[in-house]
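Visitor: Here's a sequence, model it:
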Amino acid sequence: MKLLLTSGGVTNPSIHAALVGLLGKPVDQSHALVIPTAQWGHPMCGPASVRDTVSGGDDSRFFSGLGWASLGVLELTALPTIGVERWVSWVREADVLLVDGGDATYLSHWMRASGLADLLPSLRDTVWVGVSAGSMVMAPRIGEFFVEWPLAADDRTLGVVDFSIFPHLDAFPENTLENAERWAADLGAPAYAIDEQTAIQVVDGVVEVVSEGRWVHLDRGPTD
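Guide: Numbering: from 1, shown residues only. Coordinates of the predicted model:
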């Protein structure tokens, strides 16, 4: 897949340009499926936040509310009950999967349980746009700092990329660079801390940071 891993969505012209480049056509000609599943695993999310996401509401103006040609909902918890013969075609026909935040371990669990994780390698032209946990789930681990789902066995996620992501840098009191550095030290693996104006693009294994804000490659130090 073509990955656009963000903290807060498509929040500035640089990230928007990267998205259009990955799609190969304008947003308003592209068909999207939004995946809200991670929200159910996080205590700060619930029916109202899910409704805003799937409706492209004001809080999702940088994500599902970007003005897609069409916007459908793919709820991963439902997929095991309906069979792959129905839902796989929905995914293959989409230009982009919009994967919202919440708890990344919960999302990882349902990506595996639904079969979506197994389908990913065959989606060569599909764009994955993640927000927060929707980006973090692609990492090998997210660190105990970010595990909110009580039933999570550990902090492991899908391992599609070889680095981890600390989102919302400077956006919340606990999301400081100091805490990000401590988090990364516990992981012992490559990692990025990114703010709401930053995305990490990954295509064919090539990683590129797209930013109009602040990001830190924790092996190199801060970059503004």
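Visitor: start to end distance for stretch 138-150?
Guide: 20 Å (Cα to Cα, to the nearest Å).
Visitor: And stretch 44-61, by the same measure?
Guide: 19 Å.
Visitor: Most distant residue from the centre of the protein?
Guide: Glu85 (25.6 Å; Cα atoms, centre = their mean).
Visitor: what comes into contact with the helix or strand encompassing that one?
Guide: Per DSSP states H and E, Glu85 falls inside helix 84-93. Defining contact as Cβ atoms under 8 Å, 6 or more residues apart in numbering, one finds that helix 84-93 is touched by 31, 33, 72, 74, 79, 97, 115-116, 119, 123, 126. Using the backbone N, CA and C atoms, a C-beta is placed for each residue, glycine as well.
Visitor: Output it as PDB - backbone C-alpha positions only.
Guide: As requested, the backbone C-alpha atoms of helix 84-93 are provided in PDB (Å, rounded to 0.1, in the frame of the first residue of the first chain):
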ATOM      1  CA  VAL A  84     -15.100 -12.000   2.600                       C
ATOM      2  CA  GLU A  85     -17.100 -12.500  -0.500                       C
ATOM      3  CA  ARG A  86     -19.000  -9.300   0.400                       C
ATOM      4  CA  TRP A  87     -16.400  -6.900   1.900                       C
ATOM      5  CA  VAL A  88     -13.200  -7.600   0.000                       C
ATOM      6  CA  SER A  89     -14.700  -6.100  -3.200                       C
ATOM      7  CA  TRP A  90     -15.600  -2.900  -1.200                       C
ATOM      8  CA  VAL A  91     -12.000  -2.500  -0.100                       C
ATOM      9  CA  ARG A  92     -10.500  -3.200  -3.600                       C
ATOM     10  CA  GLU A  93     -12.800  -0.700  -5.200                       C
END
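Visitor: In terms of secondary structure, what does the helix or strand that comes right after it contact?
Guide: Sequence order places strand 96-99 as the next helix or strand after helix 84-93, per DSSP H and E. Other elements packing on strand 96-99 under the criterion 3 or more Cβ pairs under 8 Å, 6 or more residues apart in numbering; DSSP states H and E are strand 31-35, strand 127-131, helix 133-136.
Visitor: okay, and the helix or strand of this structure with the least pLDDT?
Guide: strand 221-223 (a mean of 46; mean pLDDT, DSSP states H and E).
Visitor: hey, where'd the helices end up in this protein?
Guide: 13-23, 47-55, 84-93, 104-114, 116-119, 133-136, 177-187 (DSSP state H).
Visitor: May I see the buried residues of the helix holding Glu85?
Guide: Of the residues in helix 84-93, those buried under the neighbour-count criterion (16 or more other Cβ atoms under 10 Å) are 87, 91.
Visitor: relative orientation of it and helix 104-114 in degrees?
Guide: In terms of direction (axes from the mean of the first three to the mean of the last three Cα atoms, to 10 degrees), helix 84-93 departs from helix 104-114 by 120 degrees.
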